[in-house]
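Colleague: Model the structure of this input:
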Amino acid sequence: MDLGIKDRVAVVAASSSGLGKAVAWGLAKEGARLAICARARSALEATAEEIRRGTGAEVMARALDVTVYNDVRRFVAEATERFGRLDICVANAGGPPGKTFAETTIEDWQAAASLNLMSTVHFAKEALPTMQRQRWGRFIAIASVAAKQPVEGLILSNSVRAGVAGLMKTLANEYGRYGVLVNTVCPGYTATARLVELSRRLAAKEGVDPAGIEERWAHQTALGRVGQPEEFADLVVFLASERASYITGASVAVDGGLVKGLY
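Modeller: Below you'll find the model as predicted:
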């Protein structure tokens, strides 16, 4: 299937590792030109070079903090000027720390809202006007199944990710008339450094082996295993494509059957 992504311009946030990196690779394999960003310059440059060597894609890489609006504004403007357009934007950021409500501080809540909700707003503010003028665009947010089904010990993510889903649904309604599709993708337990961090934290709290925590998570899914980043990226790439032309306002779980609700 030709996804129609060749020579499209894609911005992918938090893409030096994990899910963001897998998405950037997936888009590059389909022929997209990339602008990627992350906080850690060395890891980001290494990822950019890997993608260039592996796919031949043109990749612009900039180290920045997605919670800082002016950083995002300059990054998106530079990418648009360099490539002459902006077709796909994938908003992404690392998750807030795992805590119960009693363990959180007001500062934790403010930081979580800045990291996940406001960073998505930052990219929407900069990407959507260009897509509107072009009468074509794909704006995709990477959230979490926590937006659909609360995860024990992740109250910050459970709360803020739901806000992201509400934002994205509203944007889909506002920008659909301009040919801009807006969707949220919600990963479940996926084999990333973030998952390892969470398993170690819970294991230390419960006095068990981290492998036991990961096995417990796997058993909660219908497929009996955690996902791979590439499996998640495949859906994001599809939603960014011409083939997803009648999908907008969706909040799709890529979770191996973890979420037990109907929607």
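
Colleague: Residue 173 contacts residue 249, doesn't it?
Modeller: Yes - with contact defined as Cβ atoms under 8 Å, residue 173 reaches residue 249; the gap is 6.6 Å. No exception for glycine: its C-beta is placed from N, CA and C like everyone else's.

Colleague: And those two? Which one has more around it.
Modeller: Here residue 173 and residue 249 are compared on neighbour count by other Cβ atoms under 10 Å; more neighbours surround residue 249, at 15 against 11.

Colleague: Identify the residue nearest that one in space, chain neighbours excluded?
Modeller: Across the structure, with Cβ to Cβ, 6 or more residues apart in numbering as the measure, the residue nearest residue 249 apart from its sequence neighbours is residue 172 (3.5 Å).

Colleague: For burial, what's the neighbour tally of the one you found?
Modeller: If you count neighbours by other Cβ under 10 Å, residue 172 ends up with 20.

Colleague: before we move on, which element is it in?
Modeller: Element membership of residue 172 [criterion: DSSP states H and E] is helix 155-175.

Colleague: what's next to that helix, contact-wise?
Modeller: Outside helix 155-175, the residues within contact range by Cβ atoms under 8 Å, 6 or more residues apart in numbering are 95-101, 104, 108-109, 112-113, 115-117, 120-121, 124, 128, 131-132, 137, 139, 141, 143-144, 146-148, 150-151, 181-184, 186, 248-249, 251.

Colleague: likewise stretch 37-57?
Modeller: With Cβ under 8 Å, 6+ apart as the criterion, stretch 37-57 contacts 11-17, 20-21, 24-25, 28-29, 31-34, 36, 58-66, 75.

Colleague: could you dump the helix holding residue 172 to CSV, C-alpha only?
Modeller: What follows is helix 155-175 as a C-alpha-only set of coordinates in CSV (Å, rounded to 0.1, in the frame of the first residue of the first chain):
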residue,chain,number,x,y,z
ILE,A,155,-2.4,9.8,38.8
LEU,A,156,-0.6,12.7,37.1
SER,A,157,-0.6,10.9,33.7
ASN,A,158,-4.2,9.7,34.2
SER,A,159,-5.4,13.3,34.7
VAL,A,160,-3.3,15.2,32.2
ARG,A,161,-3.5,12.8,29.4
ALA,A,162,-7.3,13.0,29.5
GLY,A,163,-6.9,16.7,29.0
VAL,A,164,-4.9,16.1,25.9
ALA,A,165,-7.6,13.8,24.5
GLY,A,166,-10.2,16.5,25.1
LEU,A,167,-8.0,19.1,23.4
MET,A,168,-7.4,16.9,20.4
LYS,A,169,-11.1,16.1,20.0
THR,A,170,-12.0,19.8,20.0
LEU,A,171,-9.2,20.6,17.5
ALA,A,172,-10.5,17.9,15.2
ASN,A,173,-13.9,19.6,15.1
GLU,A,174,-12.4,23.0,14.6
TYR,A,175,-9.9,22.1,11.8
